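Asks: Predicted model follows, preceded by the sequence.
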Amino acid sequence: MASLSVRKLDEETMARLRVRAARHGVSMEEEVRRILREAVSGPERLGDVAVGIFGPKHGVDLELPERKQHMPVDLAE
């Protein structure tokens, strides 16, 4: 596992980080790891965002209509 040291953080940033870590019940070091992991992760897919907002955990249970198979159009004709 790699290590990283961050120097010259201002006191306000440190205080906010301390509060944020306490709110999440983790150490400041773990909070920084989570922040960095989220910052460099790939963007969410639109479908995942929609499920996060409208999914079963939020009281919405959507039934998707059945999809009908179709034949592709032959553009050479």
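Replies: Received it, and whenever you're ready, just let me know what you need. Everything numeric in this text was worked out from a predicted model, so none of it was measured. Numbers count the residues shown, from 1 in each chain.
Asks: shaky segments in the protein?
Replies: Filtered on pLDDT under 70, the chain yields the residue ranges 62, 77.
Asks: need the helices for it, in chain order.
Replies: If DSSP state H is used as the criterion, the helices of the chain fall at 11-24, 28-40, 46-54.
Asks: Redo those as a markdown table? Include mean neighbour count and distance to R67.
Replies: Just so you know, the C-beta spots here come from the backbone N, C-alpha and C atoms, and that holds for glycine as well. Shown next, in a markdown table, are the helices of the chain (neighbours: other C-beta atoms under 10 Å; distance: least, C-beta to C-beta, whole Å):
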| stretch | mean neighbour count | distance to R67 |
| --- | --- | --- |
| helix 11-24 | 12 | 41 |
| helix 28-40 | 12 | 34 |
| helix 46-54 | 11 | 15 |
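Asks: Now tabulate those in a markdown table and tack on distance to P65.
Replies: What follows is those, written out as a markdown table (distance: least, C-beta to C-beta, whole Å):
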| stretch | distance to P65 |
| --- | --- |
| helix 11-24 | 40 |
| helix 28-40 | 35 |
| helix 46-54 | 16 |
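Asks: I'd like to know which of those is closest to K68.
Replies: helix 46-54 (20.3 Å; C-beta to C-beta).
Asks: That closest one: how far from the chain's middle?
Replies: Remark: helix 46-54 is offset 11 Å from the chain centroid, using C-alpha atoms, centre = their mean, to the nearest Å.
Asks: Pop out the phi and psi values for P43.
Replies: phi -70, psi 150 (degrees, to the nearest 10).
Asks: what's around it, how many residues?
Replies: 7 (other C-beta atoms under 10 Å).
Asks: Same question for S5.
Replies: Per other C-beta under 10 Å, the neighbour tally for S5 reads 4.
Asks: if we compare the helices of the chain, which one ends up closest to L64?
Replies: Closest to L64 of these, according to C-beta to C-beta: helix 46-54, at 11.3 Å.
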